[in-house]
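Trainee: Let me see the structure of the following:
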Amino acid sequence: MPTRPLSPEALVLIAALREALAVRGNVEERTLFGSYCFFVDGKLCLGVKHGELLVRLPPERHTEFMEMQNTRELSPGGGMQGYFWVEPNGFATRGQWQFWLDEALAYNPRAKASPRRKAAAPSAGQAKRPSVFDSDL
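Mentor: Numbering: from 1, shown residues only. The predicted model follows:
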């Protein structure tokens, strides 16, 4: 299935994050669950989806961040403590923008890295499908 093109708002936000993180080492960009994410030192730190900012914050301060305007939990059921979406009105000023970056980057050294998943190998009962590239034509 082809990926959906990024909105102009998302592209601007991605460029702004890229610029803000340019001075840091060990930043990796990749897509994750339909979001464009920035991993710092191998850990999810910030992301973008539909012009909203994804921030990873200290789980012990989850309630505090949840009560802030223009934020909502990544997982409304509470299963993802410390992950929040910030709506554009929540990072519209330079001060607001800097607040979220500072909070996410300050927590990042304490955050736990999730191991990268490897593609599942075919089970013993499954044979490899032949490919047109396997033939000697």
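Trainee: Phi first, then psi, for V55.
Mentor: Backbone torsions of V55, given as degrees, to the nearest 10, read phi -130, psi 140.
Trainee: which residues touch the closest residue to it other than its chain neighbours?
Mentor: Of all residues not flanking V55 in the chain, A104 sits nearest, at 4.6 Å (CB to CB, 6 or more residues apart in numbering). No exception for glycine: its C-beta is placed from N, CA and C like everyone else's. Contact analysis of A104 by CB atoms under 8 Å, 6 or more residues apart in numbering lists 45-46, 55-57.
Trainee: What strand or helix carries A104?
Mentor: Applying DSSP states H and E as the criterion places A104 in helix 94-107.
Trainee: how far does that helix sit from the chain's center?
Mentor: A distance of 15 Å separates the C-alpha centroid of helix 94-107 from that of its chain, computed with CA atoms, centre = their mean, to the nearest Å.
Trainee: list the buried ones in that helix?
Mentor: By neighbour count with 16 or more other CB atoms under 10 Å, helix 94-107 contains the buried residues 97, 99-101, 103-105, 107.
Trainee: Pull up the gap between the residue nearest to V55 and K43, please.
Mentor: 10 Å (CB to CB, to the nearest Å).
Trainee: which neighbours do these two share?
Mentor: Common neighbours of A104 and K43 (CB under 8 Å, 6+ apart) are R56.
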